[in-house]
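# using only what follows, build the 3D model:
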Amino acid sequence: MTEANIESAGNHRTTLCREFSFASTILLLVFGSLIYSEHPGHVISTHYHRNQIVCPFTLANIKGGEKAEFCKYEPPALKVCSPAQLSRLHEYFLGRASNGSQWAEGMLRLSPCDIWPHIMGRTLWLLGDSTTEHFMLALECFFIGWYELETSEHFDGRTPASNNTEAMEKASGWDGGQSAMVQPWCILLPKDTRICFIRANTGLEWTQKVLPVFWGLGAQPHDIIVGNFGLWAWGEPALQDDLDALQRWVHNTTRRPFMIWRETSPQYFSTETGDFYGAVKPYQCQPIGGREDTVQLLPDGSLCTQEQSLQVVLEGNWRNKASTAVVEALGIPVMRIWNESVPLWEFHYESIRNLDGTMGVGEDCTHSCHPSTYQIWIYSLYRVLSEYQDMLPQKQASEINGGGEVN
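This is a model prediction of the structure:
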């Protein structure tokens, strides 16, 4: 693991990542302080505190099923997995790592120190729907020990993305859009680094609402956008309209940030491929295909099935099959999360909410409890950032001197 010395000018806090150099046979479980050795059954449970380590990810003793503290505070909308789910999650990921799944080994080793060199001095903008918001919550907790502004009972570490009122209102959808009243917000990290979330459900919202005011939100040319708008496409024609809008924007825009496309995540409703469309109330979650062995994840990260009708699942379902081809043709890297997420059907919410906030009927088979599926996403983000690190735009002299254009 790369050693990094991170100094915060605001509070003179120094963090040394070298404390998290592990031998190749040791895996740090990101969602708990459990150290796994190559020796079968050798699991050591150790409780850490924020002031003892630099890359903390405190979800204590999930093997024992204790009620754990996922963050120092609990962000709004965050649902921590139940003790029973945490126990199964622990066994599942350690099992995957033991059978040679490189993605599971990499995910278990991952700490904020690995991602830090790729985002330091930038804003990482997460753009998308409620699943992207949960990805933001996962990153928010992943970096909990790195906040420039300490959390407290009265302040949760979040700040508005900009003080440009006009840009904030347009990006928030206050014109009556589907994502109305969700203001872009950020967490502040050392070295002028931020991670921000902007709610935009569809490609049309991306291109008509957010991207036209992106620079007005204080974005810089060396920033990075990670986004997705798949689940709000209610059918292939709607998805194609969104993809067409993205294509037009890319082709007609000369000044663009570096963009990463996140695959659309699986749903686990009681339909053949898990899609919400066609599901009947009360909603019940189930494995894609109806049984856990119908679609299987192999150690090399690929999927397999004997059911001809489920071949589309092996291609990422119809949304990813269509969108991946378009974004790759545009030269946009793809953050692949579909395959590894498919088996995690049981880590869902206990209930679903209607759009007006009232409790709905049945289970929420779209969003996962924390820290399950979203840890796979964080690792996938790390892999893309590492692969494309030489292509990430660097700060220009005008930005370093404080003259970056933000109009």
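# and the chain, what are its domains?
5-107, 111-395 (automatic domain parsing).
# can I get those in JSON lines with mean neighbour count?
C-betas here are computed from N, CA, C, even on glycine. Converted to JSON lines, these look like this (neighbours: other C-beta atoms under 10 Å):
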{"stretch": "domain 5-107", "mean neighbour count": "16"}
{"stretch": "domain 111-395", "mean neighbour count": "18"}
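# in CSV, list those domains along with mean pLDDT.
As requested, those are exported to CSV (pLDDT from 0 to 100):
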stretch, mean pLDDT
domain 5-107, 48
domain 111-395, 87
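# mind checking how far F269 is from Y283?
Counting by C-beta to C-beta, to the nearest Å, the gap between F269 and Y283 amounts to 6 Å.
# can you check P112 too?
Plainly put, P112 is 35 Å away from Y283 if you go by C-beta to C-beta.
# do G216 as well
Distance, G216 to Y283, by C-beta to C-beta: 40 Å.
# just the CA trace of the strand or helix carrying D114, in PDB.
For D114, the host element (DSSP states H and E) is helix 112-119. C-alpha atoms of helix 112-119 as PDB (Å, rounded to 0.1, in the frame of the first residue of the first chain):
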ATOM      1  CA  PRO A 112      -9.100   5.100   1.900                       C
ATOM      2  CA  CYS A 113      -5.400   5.300   1.500                       C
ATOM      3  CA  ASP A 114      -5.600   3.400  -1.800                       C
ATOM      4  CA  ILE A 115      -8.200   5.800  -3.300                       C
ATOM      5  CA  TRP A 116      -6.700   8.900  -1.900                       C
ATOM      6  CA  PRO A 117      -3.900   9.500  -4.500                       C
ATOM      7  CA  HIS A 118      -6.400   9.500  -7.300                       C
ATOM      8  CA  ILE A 119      -8.800  12.000  -5.800                       C
END
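# immediately after that helix, which helix or strand?
By DSSP H and E, the next helix or strand past helix 112-119 is strand 123-128.
# now do that next one: distance to the chain's middle.
Between the centre of strand 123-128 and the centre of its chain there are 10 Å (C-alpha atoms, centre = their mean, to the nearest Å).
# what does stretch 214-227 give?
17 Å.
# can you get me the start-to-end distance on it?
Terminal residues of stretch 214-227 lie 14 Å apart, using C-alpha to C-alpha, to the nearest Å.
# try stretch 107-121
This stretch, stretch 107-121, spans 24 Å end to end (C-alpha to C-alpha).
# ok, now which ones touch E236?
318, 322 (C-beta atoms under 8 Å, 6 or more residues apart in numbering).
# I'd like the distance between it and G230.
For E236, the distance to G230 - C-beta to C-beta - is 11 Å.
# could you pull up phi and psi at L246?
phi -70, psi -40 (degrees, to the nearest 10).
# relative to L189, how far out is it?
Going from L246 to L189 by C-beta to C-beta gives 29 Å.
# same question for W232.
29 Å.
# cool, Q267 as well?
Note on Q267: its distance to L189, by C-beta to C-beta, is 32 Å.
# kindly report the same for H222.
Distance, H222 to L189, by C-beta to C-beta: 15 Å.
# what do you get for F93?
26 Å.
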